[in-house]
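Trainee: below are the sequence and a predicted model; questions follow.
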Amino acid sequence: MDLFGYVANKIGVPVEAFRLLLTLLAGYPIAAVYHKYIVDRQKTLHHLYFALCGLSLCYYNYGTDTYHSLAATGTTFVLVSFLRSSPLLLLAINFIFQMGYLLMGYYYTASNEYDILWTMPHCILTLRMIGFGFDITDGLKKEEELSKDQKETALRQPPNLLELLAFAYFPSSFLIGPQFPYRRYQSFTNGEFRQYDGYMDAGLKRLATGVLYLAICQVGLSYLPDGYFLSPEFAQQSFIKRIYFLGFWAKFSLYKYISCWLFAEGSLMCMGFTYKGRDSLGNPDWSGCSNVKLRLLETGNTMQHYVQSFNVNTNQWVAHYVFKRLKFLNNRNISYGAALGFLAIWHGFHSGYYMAFLMEYMIVSTEKQIESVYTKHVLPTYGETLNNSKIYAIIYFVTLKSYNIVYMGWCLTSFVFLKYERWITVFGAVNYFGFIYMLIWACMFNGYRYFLKKQPREQREKRAVPPTSKQATD
């Protein structure tokens, strides 16, 4: 057992997880060396430094399995070099190869757990190379043919192999994200962000926040470990305890991901890489690669808030390269479902991933239905009374917070337990409440819509009268 294995064993974590943590923290000294010795040198040295640092960290974690990411990056470079004049063919081959390679990796390495293997950074690389292919082909289009987002990421000239390797293995981002387009890396190495200050303070604050979230995660999961929810002891608890225990466990489990993202974001901030523009006070905003919106995550009350605040850059990537490019379907629901389907496949073959994203689609759709009924049919009639009631405000807050906690536990169960026989056991232990309540709502909602359609048109229009100006003001 080497030194790292010994330390990992002493603190009670898998050696792979300990190596991952050290690799994320290595981004901070890498940033310090960059600013002291590299920042004012020629750009070739920048690319070489980032490529060597990233490759070294990758080899430290995965040894000879590093060849997988080298093969994927090299293949995209060759495809761009030879097929740039045939954009559709380039996109198709690049997409099929990258996704195919990743899925083959999942097939041969998958187990019952979330494994820290070469496939983990490879799923990040897969999106990076697919997005890079789209950006290359967007660069061949006329300016007026591009959307606003595409104009910001399109590449008129492809990079050389060293530049692409530096982009693929950029320290602190190649392991777990965040995702960013090549144009951001290009702007960074061109020195476009160096005139702005505050990046070091922003990065160290993100690091401190990551330490806090990791500490809460470790303490919380020590009381509510994953295995507890598969045990007879959990099933014997009262129903209320079971659904709340599952909800708090989900919160602590999310903190594991969040802490790692915060460590990665902090080192990218310290590098001076994440400039976004000016904030409302005119100060430099270094949140350009933030993968989690902490304020929204902690104060939000719906599943939609979780979607908007968690894994932000991956969601933005899917929106930019999948959802918006399906605009020709002229159906937002189909495009949204296709985007979630892509995310599920990208995660792997485990049934838990597909159930988790199916639950996201169903719950977000249900929330929109409830919001529609509430704003169109409840507020116009009872809005003034409800808005002036302190008791209602308290009930409203407690209800939404309870829903937020409880349903997060339901949604994350299949994502963490992965195998059908494991997550269905947990679902059964909480009486399948997530399915039942959504089914009850679906029957009520569709029954109510049927009832409205049967009414005369005059009565329907009367029910849909918007609130008065006084009610809106209140």
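Mentor: Thanks, I have the structure now. Residues are numbered from 1 along each chain as shown.

Trainee: list the buried residues for stretch 101-111?
Mentor: 101-103, 105-106, 110 (16 or more other Cβ atoms under 10 Å). All C-beta spots, glycine's among them, are computed from the backbone N, C-alpha and C.

Trainee: from those residues, which land in helices?
Mentor: The helices, defined by DSSP state H, take in 101-103, 105-106 from the buried residues of stretch 101-111.

Trainee: hmm, back to that, flag whichever of the buried residues of stretch 101-111 scores worst on pLDDT.
Mentor: Within the buried residues of stretch 101-111, pLDDT reaches its minimum at A110, with 79.

Trainee: residue contacts, it?
Mentor: 348-350 (Cβ atoms under 8 Å, 6 or more residues apart in numbering).

Trainee: quick check: it vs R128, distance?
Mentor: Per Cβ to Cβ, to the nearest Å, A110 is found 22 Å from R128.

Trainee: dump the residue contacts of the residue nearest to the spatial centre of the chain.
Mentor: Centrality entry for the chain: nearest residue to the mean C-alpha point is N311, 1.9 Å, by Cα atoms, centre = their mean. N311 makes contact with 177, 257, 261, 291-292, according to Cβ under 8 Å, 6+ apart.

Trainee: now the top helix by length along the chain: average pLDDT?
Mentor: Ordering each helix of the chain by length in residues (DSSP H) puts helix 239-271 first. Averaging pLDDT along helix 239-271 yields 96.

Trainee: who are the packing partners of it?
Mentor: Judged by 3 or more Cβ pairs under 8 Å, 6 or more residues apart in numbering; DSSP states H and E, helix 239-271 is in contact with helix 15-25, helix 27-33, helix 199-223, helix 232-235, helix 390-417.

Trainee: and these as a markdown table, adding mean neighbour count?
Mentor: What follows is the helices and strands packed on helix 239-271, written out as a markdown table (neighbours: other Cβ atoms under 10 Å):
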| stretch | mean neighbour count |
| --- | --- |
| helix 15-25 | 18 |
| helix 27-33 | 19 |
| helix 199-223 | 17 |
| helix 232-235 | 13 |
| helix 390-417 | 17 |
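
Trainee: so the closest residue to K368 other than its chain neighbours is in which element?
Mentor: Nearest residue to K368 in three dimensions, chain neighbours excluded: Q304, at 8.0 Å (Cβ to Cβ, 6 or more residues apart in numbering). Secondary structure from DSSP states H and E places Q304 in helix 303-309.

Trainee: and that helix, how far from the chain's centre?
Mentor: 10 Å (Cα atoms, centre = their mean, to the nearest Å).

Trainee: now, which of the buried residues of stretch 101-111 sits nearest L140?
Mentor: Comparing these against L140 with Cβ to Cβ places Y101 closest, at 24.9 Å.

Trainee: ok, for the closest one, nearest residue in space, not its chain neighbours?
Mentor: Closest residue to Y101 apart from its sequence neighbours, by Cβ to Cβ, 6+ apart: A72 at 5.8 Å.

Trainee: shouldn't that neighbour be within a helix?
Mentor: Yes: counting by DSSP: H, G, I helix; E, B strand; the rest coil, A72 is located in a helix.

Trainee: that one against Q98, yeah?
Mentor: Yes: using Cβ atoms under 8 Å, A72 is in contact with Q98, at 6.2 Å.

Trainee: which residues do these two both contact?
Mentor: Counting by Cβ under 8 Å, 6+ apart, the shared contacts of A72 and Q98 are 126, 129.

Trainee: so where is the stretch 351-474 of the chain shaky, pLDDT-wise?
Mentor: Within the stretch 351-474 of the chain, the stretches with pLDDT under 70 are 456-474.

Trainee: mind redoing it with 90?
Mentor: Within the stretch 351-474 of the chain, the stretches with pLDDT under 90 are 360-361, 369, 372-390, 392-393, 396-397, 444-474.

Trainee: and the helices in it?
Mentor: Applying DSSP state H, counting those that start in this stretch to the stretch 351-474 of the chain gives helices spanning 351-373, 379-387, 390-417, 420-429, 433-454, 457-463, 469-473.
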